[in-house]
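> quick one, what's the 3D model for this:
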Amino acid sequence: MVALGKVCVMNPRKSELADLEGSTVVSFVPMSDIGEHEMFFSSKGTKRLDEVTTSYTYFADNDVLLAKVTPCFENGKAVVANDLVNGIGFGSSELYVLRPTGDLIPQWVFMIVATHNRNKRM
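Below you'll find the model as predicted:
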């Protein structure tokens with residue numbers, strides 16, 4: 001067993017997007033769009049990159065999003081980001097973003113963070 005921080009990039013930096021135009025359209029995912037115990041979701045909203053870079057949390061396709069506030073954290077509110085507009089998303093500042101590295105698949109990371117006993121293993 002290893003800590004998730006050893007096999008995932010935690011909260012990737014927005015600087016990855018420095019070369020993109022501010023007018024680039026990206027997915028916008030409010031906390032209400034992330035279900036409990038549902039691995040995937042459909043992104044319903046979009047915004048321009050320059051509207052979201054300062055105040056919201058950045059993520060990309062195949063990142064695992066985990067709510068970090070009570071009661072959402074205790075309820076296993078997590079999701080694997082997929083089918084984002086231009087492969088990029090922004091959402092609540094109340095999200096942890098876990099980006100699996102190497103051969104680690106995001107669905108496995110989701111299963112770890114979304115299980116009820118996760119706090120005992122982390």
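> tell me the mean pLDDT for the helix ranked longest in the chain?
Ranked by residue count under DSSP state H, the longest helix found in the chain is helix 106-114. Across helix 106-114, pLDDT averages out at 90.
> could you do stretch 2-20 as well?
The model assigns stretch 2-20 a mean pLDDT of 93.
> buried residues in that stretch?
Residues 4, 7-8, 12, 17 are the ones in stretch 2-20 that count as buried (16 or more other CB atoms under 10 Å). Yep, even glycine has a C-beta here, placed from its N, CA and C like the rest.
> return the member of these nearest to Thr54.
Among these, Leu17 lies closest to Thr54 (CB to CB), at 12.1 Å.
> contacting residues for that closest one?
When contacts are counted by CB atoms under 8 Å, 6 or more residues apart in numbering, Leu17 touches 49, 53, 58, 88.
> burial count for the first one?
When neighbours are defined as other CB atoms under 10 Å, Leu49 has 19 of them.
> coming back round to it: now render the buried residues of stretch 2-20 as JSON lines, adding distance to Ser42 and secondary structure.
Putting these into JSON lines (distance: CB to CB, whole Å; DSSP: H, G, I helix; E, B strand; the rest coil) gives the following:
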{"residue": "Leu4", "distance to Ser42": "26", "secondary structure": "helix"}
{"residue": "Val7", "distance to Ser42": "28", "secondary structure": "helix"}
{"residue": "Cys8", "distance to Ser42": "24", "secondary structure": "strand"}
{"residue": "Pro12", "distance to Ser42": "22", "secondary structure": "coil"}
{"residue": "Leu17", "distance to Ser42": "23", "secondary structure": "helix"}
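> so what's the gap between the longest helix of the chain and the chain middle?
On the basis of CA atoms, centre = their mean, to the nearest Å, helix 106-114 sits 12 Å off its chain's mean C-alpha point.
> alpha carbons of that helix, as CSV, please.
Output of helix 106-114 as CSV, limited to C-alpha atoms (Å, rounded to 0.1, in the frame of the first residue of the first chain):
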residue,chain,number,x,y,z
PRO,A,106,-8.9,6.9,-12.3
GLN,A,107,-11.8,4.4,-11.7
TRP,A,108,-9.6,2.6,-9.1
VAL,A,109,-8.8,5.9,-7.4
PHE,A,110,-12.5,6.8,-7.3
MET,A,111,-13.3,3.5,-5.7
ILE,A,112,-10.7,4.2,-3.0
VAL,A,113,-11.8,7.7,-2.2
ALA,A,114,-15.6,7.0,-2.5
